[in-house]
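J.: no sequence for this one, just the structure:
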């Protein structure tokens, strides 16, 4: 079967957009091949800054024959006195058959005529030429450019298109460019146009000869070159940076690495400032010694085959020197006005147009932090409210500094660095100042799934309070995330709250946290602009349940049914939900637990059936109404609900979930016997209601850890 190749050649695509677009285009091609029954064994990508490429092996030349059964008129209409009527002839003509080839079939509606029709498949080239332009135009980009037609849009101007099935061109057109067999090599190192003899391995080899490598090869080449360049300095190594590596891979087609240096005097600046300048502004890799200490060197990745005369190295060193001089100047200038003087300056810095200034936010977060510290101390956990209070006051002051205005990525970090070296209060012990500085430094953590949470409890309190204030204000304004849109990054901030509470085991409930966060807005100017009709409490509950579900399933790796079961029993206490998920996961596969899960599914269905029939169920069963002849009903009540239930409740209150769940297994023989011996939905309404009350009480009492009916059991209803 033939190989397929599609290459969209463009002007340079922004590095951050390439990977997602490449995956999107590959999936779209795969969907076409699958939908049109064209086979397809393996689908791959070959992306560079100037092209998005999809490859496929085992694509059929044409669709297979398709045999369909067409149903015609009923037998009584199609035949009269054993002879075909005009209706039968018309149906046979429509099917392209002789009337004698019609068949008789029996359907629920009676006997009808039928015909088997074979349809010849269309060619792959015809299908791909028709379908691909629509799919290319549908690739998602954060930003698009529009061309001749409203339906044709792409991130950058399209310069060439290669579309081939083996060595045959697929005659598609996109953005006024006709597909052909000519690609383009490296913009500088090649002669320009590159003839592609056929799809498959020949394509990769043709581009390699034109100094263009695929993504995986480029990453390997960059890593080897970084290692080789770092070895020029004894004991040195380049600092691993996954995000930067992905960026430079998508900025190059034929990469090489150059080693540069800078004056040691710049090492007097904080490491965070130097690394940010190198990484975020210049795309340089920092270098360090064996102990992780920063060295006065850097590595830059070039999109060419080297720098034999050192001109590129010299230019990069000059640019970096200017950047470091700027950073040093800003650092020195900022010290003229310490953080404590800058707090009032925040009145002129807007947080959000309807939520006021950063000074207003500081006052709100300060109150929320005070309340949160009280919750934590009441639960017996150690926290330093004085450190938190001082850190909150100064937390946003660095937004007025020149260093943050120039390097916005350093907000929070700069505040922490300045707090380390400034006199925050006369006579303040150095240990206290360092604790305040660390709290300010960690206030935005975690900023991603890979980032760590704040190091200390004080930093955790500030972090969750700051994020909770933002989320509460946005939800009250009616600006909650919708679909894929989240312009204020509320999902990321909510993920941060969940992770911070979980990893620090903070005794802070989500509902209470946001009740307090909403309280801080009362009486302020922002409250006057809150949207009417917003169900604040309910919408936040749903929002954070989704975030907790994401944390348990995607970050901690628990099975989806375990997560559903645990959250059905409560999603407000993050620490408790994590503990319950861990306990349920341990027993999930056991035979006794699976049996209990099946029984709870049965109970849930019985209770739902009763609800649908409008049967009223008492809060508690009456013991004297239970069957005295067959003791299964009484045993379930006394041994199960009363005795085991009491112990289960104590262990749950102590959060000894492992012990509680192991004891739940002892319900199995009692439940099995009950369902074997007792009919719940009997005719007698009093007995029926009493038995339903028994099951309802059992279900509610034992669903505080998890709703066991949500657990998926193999081969069982």
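T.: Okay, I see it. Keep in mind it's a predicted model, so treat the numbers as computed, not measured.
J.: just the helices in the stretch 601-717 of the chain please.
T.: Along the stretch 601-717 of the chain, counting by DSSP state H, counting those that start in this stretch, helices occupy 632-635, 645-653, 657-664, 667-677, 685-701.
J.: Longest helix in the chain, by number of residues?
T.: Criterion DSSP state H: the longest helix present in the chain is helix 311-334.
J.: List the buried residues in that helix.
T.: Across helix 311-334, burial judged by 16 or more other Cβ atoms under 10 Å covers 312-313, 316-317, 320, 323-324, 326-328, 330-331, 334. Where C-beta positions appear, they are placed from N, C-alpha and C, glycine not excepted.
J.: Closest to residue 268 out of the residues you listed?
T.: Closest to residue 268 out of the buried residues of helix 311-334 is residue 328 (8.2 Å), distances taken as Cβ to Cβ.
J.: since we're on the residue lying closest to that closest one once chain neighbours are set aside, how many residues are nearby?
T.: Among residues not flanking residue 328 along the chain, residue 269 sits closest, at 5.9 Å (Cβ to Cβ, 6 or more residues apart in numbering). Here the number of neighbours of residue 269 (other Cβ atoms under 10 Å) works out to 17.
J.: Assign residue 6 to helix, strand or coil.
T.: strand (DSSP: H, G, I helix; E, B strand; the rest coil).
J.: Kindly state the beta-bridge partners for it.
T.: Going by DSSP bridges, residue 6 is paired in beta bridges with residue 54, residue 163.
J.: now residue 256
T.: For residue 256, the beta-bridge partners are residue 302 (DSSP bridges).
J.: Am I right that it is in contact with residue 301?
T.: Yes. In this structure residue 256 lies within contact range of residue 301 using Cβ atoms under 8 Å: 7.4 Å.
J.: Next, show the common contact partners of those two.
T.: residue 225 (Cβ atoms under 8 Å, 6 or more residues apart in numbering).
J.: Of the two, which one has the most company?
T.: residue 301 (24 against 18).
J.: And the pLDDT for that one?
T.: Residue 301 carries a pLDDT value of 97.
J.: residues touching residue 358, list them.
T.: 346, 349, 350, 351, 396, 399.
J.: taking those residues one by one, which sit in strands?
T.: Secondary structure from DSSP state E places 350, 351 of these in strands.
J.: Let's see if you can find the most crowded of the contacts of residue 358.
T.: residue 396 (27 neighbours).
J.: Determine the set of other helices and strands touching the helix or strand hosting residue 202.
T.: In the assignment (DSSP states H and E), residue 202 maps to helix 201-209. In terms of contacts (3 or more Cβ pairs under 8 Å, 6 or more residues apart in numbering; DSSP states H and E), helix 201-209 is packed against strand 182-184, strand 193-195.
J.: go again using 7 Å as the cut-off
T.: Packing partners of helix 201-209 (3 or more Cβ pairs under 7 Å, 6 or more residues apart in numbering; DSSP states H and E): strand 193-195.
J.: rewinding a little: can you tell which of the helices of the stretch 601-717 of the chain is closest to residue 169?
T.: helix 657-664 (64.0 Å).
J.: what packs against the closest one?
T.: helix 574-587, helix 645-653.
J.: which residues are in contact with the last one?
T.: If I follow you right, that is helix 645-653. Defining contact as Cβ atoms under 7 Å, 6 or more residues apart in numbering, one finds that helix 645-653 is touched by 659, 660, 663, 664, 701, 702, 704, 705.
J.: Name the nearest residue to residue 391, ignoring sequence neighbours.
T.: Residue 391 sits nearest to residue 439 (Cβ to Cβ, 6+ apart), 3.8 Å away.
J.: returning to that earlier point: so can I have TSV of the contacts of residue 358 showing pLDDT?
T.: Formatted as TSV, the contacts of residue 358 follow (pLDDT from 0 to 100):
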residue	pLDDT
346	97
349	96
350	96
351	96
396	97
399	97
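J.: Which pLDDT value belongs to residue 61?
T.: Residue 61 carries a pLDDT value of 88.
J.: To clarify, my last question referred to residue 118.
T.: On the pLDDT scale, residue 118 gets 76.
J.: Could you give the bridge partners of it?
T.: residue 67.
J.: go on, the one 5 residues further on?
T.: Legend: beta-bridge partners of residue 123 under DSSP bridges are residue 62.
J.: And the pLDDT at it?
T.: Here the pLDDT value assigned to residue 123 is 91.
J.: Look up how far residue 38 lies from it.
T.: Using Cβ to Cβ, to the nearest Å, one obtains 10 Å as the distance from residue 123 to residue 38.
J.: more neighbours, the two?
T.: Comparing residue 123 with residue 38 by other Cβ under 10 Å, the one with more neighbours is residue 38, at 26 against 15.
J.: Ramachandran coordinates for that one?
T.: Here is the backbone geometry of residue 38 (degrees, to the nearest 10): phi -110, psi 10.
J.: Show the secondary-structure elements that the longest helix of the chain is packed against.
T.: Using 3+ Cβ pairs under 7 Å, 6+ apart: helix 311-334 touches strand 256-261, strand 294-302, helix 402-406.
J.: got a list of contacts for the first one?
T.: Looking back up the chat, that one is strand 256-261. 222, 225-226, 229, 232, 296-302, 304-307, 312-313, 316-317.
J.: what's near enough to touch the closest residue to residue 172 other than its chain neighbours?
T.: Nearest residue to residue 172, sequence neighbours excluded (Cβ to Cβ, 6+ apart): residue 129, at 4.5 Å. Going by Cβ under 7 Å, 6+ apart, residue 129 touches 170, 171, 172.
J.: after the lowest-mean-pLDDT helix or strand in the chain comes which helix or strand?
T.: Lowest on mean pLDDT, DSSP states H and E among the helices and strands of the chain sits strand 145-146, with a mean of 78. For strand 145-146, the following helix or strand on the C-terminal side (DSSP H and E) is strand 153-154.
J.: What strands flank that next one, and is each parallel or antiparallel?
T.: strand 145-146 (antiparallel).
J.: Name the residues that touch the partner strand?
T.: Applying Cβ under 7 Å, 6+ apart, the contact partners of strand 145-146 are 153, 154, 155, 156.
J.: burial of the first one, as a residue count?
T.: Residues lying near residue 153 (other Cβ under 10 Å) number 16.
J.: Then residue 539?
T.: Residue 539 has 14 nearby residues by other Cβ under 10 Å.
J.: moving C-terminal of the helix or strand it falls within, what's the next helix or strand?
T.: Using DSSP H and E, residue 539 sits within helix 536-550. Going down the chain from helix 536-550, the next helix or strand is helix 560-568, by DSSP H and E.
J.: what is the mean pLDDT for that following helix?
T.: pLDDT averaged over helix 560-568 gives 94.
J.: in the stretch 101-250 of the chain, which spans are helices?
T.: For the stretch 101-250 of the chain, applying DSSP H, counting those that start in this stretch gives helices covering 124-138, 201-209, 215-230, 242-249.
J.: what's the spacing between the closest residue to residue 708 other than its chain neighbours and residue 664?
T.: Excluding the flanking residues, the one nearest residue 708 by Cβ to Cβ, 6+ apart is residue 600, at 4.1 Å. In this view, residue 600 and residue 664 are 10 Å apart by Cβ to Cβ.
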